[in-house]
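**Student:** give me a model of this one.
(chains A and B)
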There are 2 protein chains.
Amino acid sequence: MMFRRVAFIGIGLIGSSLARVIRRDGLAGHIAVAARSPDTLAAATRLDLADSVTTDPAEAVAGADLVMICTPLSAYPAIARAMAPGLAPDVIVSDVGSVKSCVFKDLGPHLPPGAHLVPGHPIAGTEHSGPEAGFAELFQNRWTILTPAEDADPAAVDKVAGLWKAAGSLIQMMDAAHHDQVLAITSHLPHLIAYTIVDTATDLATDLQQEVIKFSASGFRDFTRIAASDPVMWRDVFLQNREAVLEVLGRFTEDLTAMRRAIRRGEGDELFDVFTRTRAIRRGVIEMGQDDVPEKPEGEV
Amino acid sequence: MMFRRVAFIGIGLIGSSLARVIRRDGLAGHIAVAARSPDTLAAATRLDLADSVTTDPAEAVAGADLVMICTPLSAYPAIARAMAPGLAPDVIVSDVGSVKSCVFKDLGPHLPPGAHLVPGHPIAGTEHSGPEAGFAELFQNRWTILTPAEDADPAAVDKVAGLWKAAGSLIQMMDAAHHDQVLAITSHLPHLIAYTIVDTATDLATDLQQEVIKFSASGFRDFTRIAASDPVMWRDVFLQNREAVLEVLGRFTEDLTAMRRAIRRGEGDELFDVFTRTRAIRRGVIEMGQDDVPEKPEGEV
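**Tutor:** Residues are numbered from 1 along each chain as shown, chains lettered A, B, ... in the order given. Next up, the predicted model:
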């Protein structure tokens, strides 16, 4: 057993998947779940992911040696204030948020002296949301990035890393600001673009929009999947990682302008060169074993 | 048997998949394959997709009642000139190209009187190329768009439609110019954007690029798959459908500018609204049954 009591604050796709791992492997003596919505708490109970449920974060974290925050980023300040009175002095506080610099600002000031903040981000997910969407295999062969401060307690970092390893994850330590730059490219920009192109289609006349849906298997479909991700979570990502996102969006816009010019001028060689050199990146993704899309196994609850 | 002799000019992913259907169901007395590359012809023979192979289009089409052109669009004028002397007077000439207006211009003038031009476009594919990548199930439950001229022979159109129906495809008749507009949105713009974002990543410093590959499962991965498509095919698409692509690219750029402004200004409500309304399109894609990504079945050659 790794932990006496793990408290989940929020239990959607990511939180419920991690809770399934803890349950499956018996990694905690008690799983406490706090969430705002009674429906979410009922689902956590029905799925046998919670030994206790509550709408009060302070109640969930009482006696916990690990608190795992799995909510949208905008909820962090209020959660920090609400749970602070219940935190044990030696508690480890971690999270799964997609932006990491803001975690220190939003959680740090509210933690008691002696509490260990170990922010984390599992690079895994599907387009589905909510506790029912989770599955224990979600993190298998995926990276989890941990971004503790330089002076963080190594034992606390090891315990969080050990939990993710138990979930099948590979561990990467990283500076929080650098994490936010890398993810702006690999995750935030792709989501922004997918949302935008699908929104461009929603502006079309109704009959044309129906045709776009009908013939979506020609490329558009993949963008609709990405653009089906949780709106609150993604709103918060763009608000919290503004500078890094705007920076890579600037680069992308420059490159798109160059492509537009090549098309307008009929510069086939330029297009061919771009379409050829992008293949090297794809090969890298395949060689890294990151090319398969995870799906919830049939029959798993 | 639907056809005495089918001649494939080019036999990559799409052509070889259709040839597999014809073979599986015994729809032709003879399959003739013409291709420029001896390797491609050897593969067609090895995969038992060809009763005869040749590098000469005129030889392949001799005696054929159906000619199916499955090459990049830029090859059409030369193919038309090369095969013209061998065409039977009542031949049906069809194709699988991703742009349709240009087919009339590039093939039409070279066909003998009495030949029937029935351009087509199966909305199906994977990121893989070449005859080995094909599989007979590729077109199952996918749309094939046919764009014959208004005065086309109904019997010829029916024969081409019947072949695609045998492949499991759904048939949609459409004006060629309208096809090119719809596909500019559903296919050409998504591919252009995927190529561009992956190219933006290739511009990064080597160590950052390695991190982008490593953590690609967070969204970027799906773009690399789209951007792994055949470079020659896609160069030709953008050269042949320039006006329609530039038009939708203009709309997309406007929408992306609005998103950039919303992020810069911290307008969370605006972002949330966009991220929510895009979900309706995703629901439409799922309801239309177009959301699953086709893969070659294990063990199929």
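**Student:** so what's A:A115 closest to, chain neighbours aside?
**Tutor:** A:V91 (5.0 Å; CB to CB, 6 or more residues apart in numbering or on different chains). For glycine as for every other residue, the C-beta is placed from the backbone atoms N, C-alpha and C.
**Student:** ok, the one you found to A:I22 distance?
**Tutor:** With the distance defined as CB to CB, to the nearest Å, A:V91 ends up 16 Å from A:I22.
**Student:** and the residue nearest to A:A115, how many neighbours?
**Tutor:** As a burial measure, the neighbour count of A:V91 was computed by other CB atoms under 10 Å in any protein chain shown and equals 23.
**Student:** for it, give me its contacts.
**Tutor:** Neighbour list for A:V91: A:V61, A:A64, A:D65, A:L66, A:V67, A:L111, A:P112, A:A115, A:H116 [criterion: CB atoms under 8 Å, 6 or more residues apart in numbering or on different chains].
**Student:** quick one: buried ones out of those?
**Tutor:** Under a neighbour-count criterion of 16 or more other CB atoms under 10 Å in any protein chain shown, the subset of those counted as buried comprises A:V61, A:A64, A:D65, A:L66, A:V67, A:L111, A:A115, A:H116.
**Student:** before we move on, back to that, look up phi and psi at the residue nearest to A:A115.
**Tutor:** Backbone geometry at A:V91, expressed as degrees, to the nearest 10, gives phi -60, psi 150.
**Student:** quick check: it vs A:L18, distance?
**Tutor:** A:V91 is 17 Å from A:L18, where distance means CB to CB.
**Student:** one more: A:Q290?
**Tutor:** When distance is defined by CB to CB, A:Q290 is 20 Å away from A:L18.
**Student:** okay, those two: which has more neighbours?
**Tutor:** Applying other CB under 10 Å to A:Q290 and A:L18 shows that A:L18 carries more neighbours, namely 30 against 21.
**Student:** next, the more buried one: secondary structure please.
**Tutor:** Secondary structure assignment for A:L18 (DSSP: H, G, I helix; E, B strand; the rest coil): helix.
**Student:** and the residue nearest the centre of chain A, what does it touch?
**Tutor:** Closest residue to the average C-alpha location of chain A: A:S98 at 4.7 Å, with CA atoms, centre = their mean. With CB under 8 Å, 6+ apart as the criterion, the residues that contact A:S98 are A:L73, A:H121, A:L183, A:S187, A:H188, A:M233, A:V237, A:N241, B:S218.
**Student:** can you pull the buried residues of stretch A:47-61?
**Tutor:** Buried residues in stretch A:47-61, counted by 16+ other CB under 10 Å: A:L47, A:L49, A:A50, A:S52, A:V53, A:T54, A:P57, A:A58, A:E59, A:A60, A:V61.
**Student:** among these, name the ones in strands.
**Tutor:** A:S52, A:V53, A:T54 (DSSP state E).
**Student:** now these in a markdown table, with distance to A:Q209?
**Tutor:** Converted to a markdown table, these look like this (distance: CB to CB, whole Å):
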| residue | distance to A:Q209 |
| --- | --- |
| A:S52 | 47 |
| A:V53 | 42 |
| A:T54 | 44 |
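**Student:** which of the residues you listed sits closest to B:H128?
**Tutor:** When these are ranked by distance to B:H128 (CB to CB), A:V53 comes first, at 47.3 Å.
**Student:** find the nearest non-adjacent residue to that closest one, please.
**Tutor:** Using CB to CB, 6+ apart, the closest residue to A:V53 is A:L41 (4.1 Å).
**Student:** mind listing what's buried along whichever strand or helix holds the one you found?
**Tutor:** With elements taken from DSSP states H and E, the one containing A:L41 is helix A:38-46. Of the residues in helix A:38-46, those buried under the neighbour-count criterion (16+ other CB under 10 Å) are A:T40, A:L41, A:A43, A:A44.
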